[in-house]
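Enquirer: Quick one, what's the 3D model for this:
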Amino acid sequence: MFKVNETKIDDKNFYLNGQTYENNRMKVCVGDQTIGGNTLTMIAGPCAIESEEQINSIAVSVKKAGAKFLRGGAYKPRTSPYSFQGLQKDGLIMIKKAADSVGLKVVSEVTSEKQLDFAAKYCDMFQIGAKNMQNFELLKAVGRYKIPVLLKRSFGAKIDEWLAAAEYIIAQGNRNIVLCERGIRTFETSTRNTLDISAIPVIREKSPLPIIIDPSHASGKSKYVHPLSLAAIAAGADGLIIEVHNNPKAALCDSEQQITPDDYSCLFNDVKKIANVVGRNI
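Expert: Here you go, the predicted structure:
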């Protein structure tokens, strides 16, 4: 286990110091839940919080399937300024209420330092999205909080750049970081992004931090979420974060990549089978 006060901050962060971490994995505690170790973490919920009815319904469904965390975007950094930008503060209030009602932990994205004080009251885990992976002032700000961080890899970032971004958070005293591979941008257009399965063993060698996979953003298509999820668990991922919507066709964003609660339940059961094969619990 590494210690922050032993970390030398220079042009070569501590992940690149030649150590091998494969058998020295870190566990990140989020309340009474643990990410990392032998038990897989399942995070599920809609791309965006759209209404109380929507988030409450999904919370009940994913909890029933076996998820331990509820995800949902309140602040949505969209490519177009005219796209749905999220319900923001109202959305955070809604997801916290929905999660508490069924006993789930909340994971939601923050996009600005000025959001943190309010979001800290409603999030059990901050998510830093791909577009903000190298927003260094935001990384330093979340590092000053004690709230765990889910750090997504940017679609154009090398693995070492991703790990360096994590170092910005660690340098401020927050080691509670979970890495999330969500696909990188390549020449391939059959999927929204290209899921970098090789990032799993590479991270396990270079870093003690847990790594989970987002097959929804990687594929951009709901029909590929299931097989990519199974591949990720077989490759050694510590969990999955999956977009689930009670009516994907009517979703206000990312409708093509969200799966239904029934599909999620089926996926969950198949993940259990793969977990059993590779010696993991769920």
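
Enquirer: May I see the buried residues of whichever strand or helix holds residue 141?
Expert: Assigned by DSSP states H and E, residue 141 belongs to helix 136-143. Using 16 or more other C-beta atoms under 10 Å as the test for burial, helix 136-143 gives 138-139, 141-143. In short, each C-beta sits where N, CA and C put it, glycine included.

Enquirer: Kindly reformat those residues as CSV containing distance to residue 60.
Expert: Shown next, in CSV, are the buried residues of helix 136-143 (distance: C-beta to C-beta, whole Å):
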residue, distance to residue 60
138, 32
139, 34
141, 33
142, 30
143, 34
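
Enquirer: returning to that earlier point: so what secondary structure elements neighbour the next helix or strand after the helix holding residue 141?
Expert: Using DSSP H and E, the helix or strand that follows helix 136-143 in sequence is strand 149-152. For strand 149-152, the packing partners by 3 or more C-beta pairs under 8 Å, 6 or more residues apart in numbering; DSSP states H and E come out as strand 125-128, helix 159-170, strand 177-181.

Enquirer: what pairs with strand 149-152, and is each one parallel or antiparallel?
Expert: In the sheet, strand 149-152 lines up against strand 125-128 (parallel), strand 177-181 (parallel) (DSSP bridges).

Enquirer: And the residue lying closest to residue 64 once chain neighbours are set aside, what's its pLDDT?
Expert: Closest residue to residue 64 apart from its sequence neighbours, by C-beta to C-beta, 6 or more residues apart in numbering: residue 265 at 7.4 Å. pLDDT, residue 265: 98.

Enquirer: Residue 265 in helix, strand or coil?
Expert: Secondary structure state of residue 265, per DSSP: H, G, I helix; E, B strand; the rest coil, is helix.

Enquirer: That one: what's it in contact with?
Expert: Shown in contact with residue 265 (C-beta atoms under 8 Å, 6 or more residues apart in numbering): 61, 64-65.

Enquirer: switch the cut-off to 10 Å
Expert: Residue 265 makes contact with 61-62, 64-66, 244, 259 under the criterion C-beta atoms under 10 Å, 6 or more residues apart in numbering.

Enquirer: If any of those residues are buried, give me the PyMOL selection for them.
Expert: Typed into PyMOL, the line below selects the buried ones among the contacts of residue 265, using 16+ other C-beta under 10 Å:
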select buried, resi 61+62+65+244+259
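
Enquirer: Setting the sequence-adjacent residues aside, check what's closest to residue 118.
Expert: In space, residue 118 is closest to residue 89, 6.0 Å off (C-beta to C-beta, 6+ apart).

Enquirer: Isn't that neighbour up against residue 117?
Expert: No: Residue 89 is beyond contact range of residue 117, at 11.2 Å (criterion: C-beta atoms under 10 Å).

Enquirer: Compare those two (neighbour count), which wins?
Expert: Each of residue 89 and residue 117 has its neighbours counted (other C-beta atoms under 10 Å); residue 89 has more, 14 against 9.
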